[in-house]
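Chemist: what's the 3D shape of this:
(2 chains)
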Amino acid sequence: MNSGLIQQLSSSVFYIIAGLTVFFAIRLVISRNIFHSAIFLAMVLMGVACVYLYLGAEFLAIAQVLIYVGAIVILFLFVIMLTASIHDRAISQMNKQVLISAAGAAAFLLLIIKVIKAGSWQANNPSAPELSIKELGKSLMTTYVLPFEAISLILIAVLVGAIVIAKSGKR
Amino acid sequence: MIPLDHFLILGAILFSIGIFGVLTRRSAIGILMSIELILNTANINFIAFNKFLGAGDGLGQIFALLVITIAAASAVIGLVLIIAVYRNTKNIFAENINLMKW
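Modeler: Presented below is the predicted three-dimensional model:
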């Protein structure tokens, strides 16, 4: 197989994945059953992970699947089952602002696409060597060690805060 | 080779869908899920700009990693708050959460 065909195949797979991701995202926001929404969220996140792979960010794709699909969506499912009555389809899941929100979102999308089309993006290194996981980890521990430490602090704070808030209300 | 525009347009479409979800969802969990979607589109833009216009030092990827962590933290705190509200009001619809309003 020649490389042109492979390239064409890979870009058509990208467009299929992008279309599926958009489809699942629309189902995520309009689904009446909140449980289905969480499943569609997992699908969307998998699609975004595939887009990361196309952008040469392997570590982020893995982290996306591990953190989002593996942890956050499961957390969402737990909270849905702990709180909402998921089988009650009679309750409307949308408020009364559907039309005006759709119009606003569409107008915003048009504006963004116009800006993207107007901008002249000159790719300065389209064939730059892709960043390996090793280099990413090295720069995370040397150049960008301050944000790394700050994020650790935030995680500790969230851990403690979540336990304190979710604890039984009696003081 | 997929051009940069297409990644940006994919991000814009998903962002608009997320905005629509935040504006129209009644349950607080749905709003949180839409916010997660919006944060993901920001990540797509970060990584796309890093690949096509970056200096090759991976700053965009590191920033996207930080965004993923912040998103996880915000999801946890949001869900815990939803559980706390549900315990008090037996309701998670955003328009009924007005305990702190007078």
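Chemist: all helices of the chain, in order?
Modeler: Looking at chain A here, since you left the chain open. Secondary structure of chain A (DSSP state H): helices located at A:3-30, A:34-54, A:58-63, A:73-82, A:98-118, A:133-141, A:145-166.
Chemist: Can you look at chain B instead?
Modeler: All helices of chain B, identified by DSSP H, fall at B:4-24, B:28-53, B:59-89.
Chemist: In a markdown table: these, plus mean neighbour count.
Modeler: Backbone N, C-alpha and C define where each C-beta goes, glycine included. As requested, these are exported to a markdown table (neighbours: other Cβ atoms under 10 Å in any protein chain shown):
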| stretch | mean neighbour count |
| --- | --- |
| helix B:4-24 | 22 |
| helix B:28-53 | 22 |
| helix B:59-89 | 19 |
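Chemist: Switch those over to CSV; also include distance to chain A and mean pLDDT.
Modeler: Listed next are the helices of chain B as CSV, based on distance: least, Cβ to the nearest Cβ, whole Å; pLDDT from 0 to 100:
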stretch, distance to chain A, mean pLDDT
helix B:4-24, 3, 92
helix B:28-53, 4, 91
helix B:59-89, 4, 89
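Chemist: Throw these into TSV and include distance to A:Leu55, thanks.
Modeler: Shown next, in TSV, are those (distance: least, Cβ to Cβ, whole Å):
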stretch	distance to A:Leu55
helix B:4-24	7
helix B:28-53	5
helix B:59-89	9
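Chemist: quick one, which of the helices of chain A is packed in tightest?
Modeler: Ranked by mean neighbour count, these are led by helix A:34-54 with a mean of 22 (mean count of other Cβ atoms under 10 Å in any protein chain shown).
Chemist: In terms of secondary structure, what does that helix contact?
Modeler: Helix A:34-54 is packed against helix A:3-30, helix A:58-63, helix A:73-82, helix B:4-24, helix B:28-53, with contacts defined by 3 or more Cβ pairs under 8 Å, 6 or more residues apart in numbering or on different chains; DSSP states H and E.
Chemist: sorry, back to before: which one of the helices of chain A lies closest to B:Asp57?
Modeler: Proximity to B:Asp57 (Cβ to Cβ) singles out helix A:133-141 among those, at 6.7 Å.
Chemist: Kindly reformat the helices of chain A as TSV containing mean pLDDT.
Modeler: Putting the helices of chain A into TSV (pLDDT from 0 to 100) gives the following:
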stretch	mean pLDDT
helix A:3-30	90
helix A:34-54	92
helix A:58-63	90
helix A:73-82	89
helix A:98-118	91
helix A:133-141	86
helix A:145-166	91
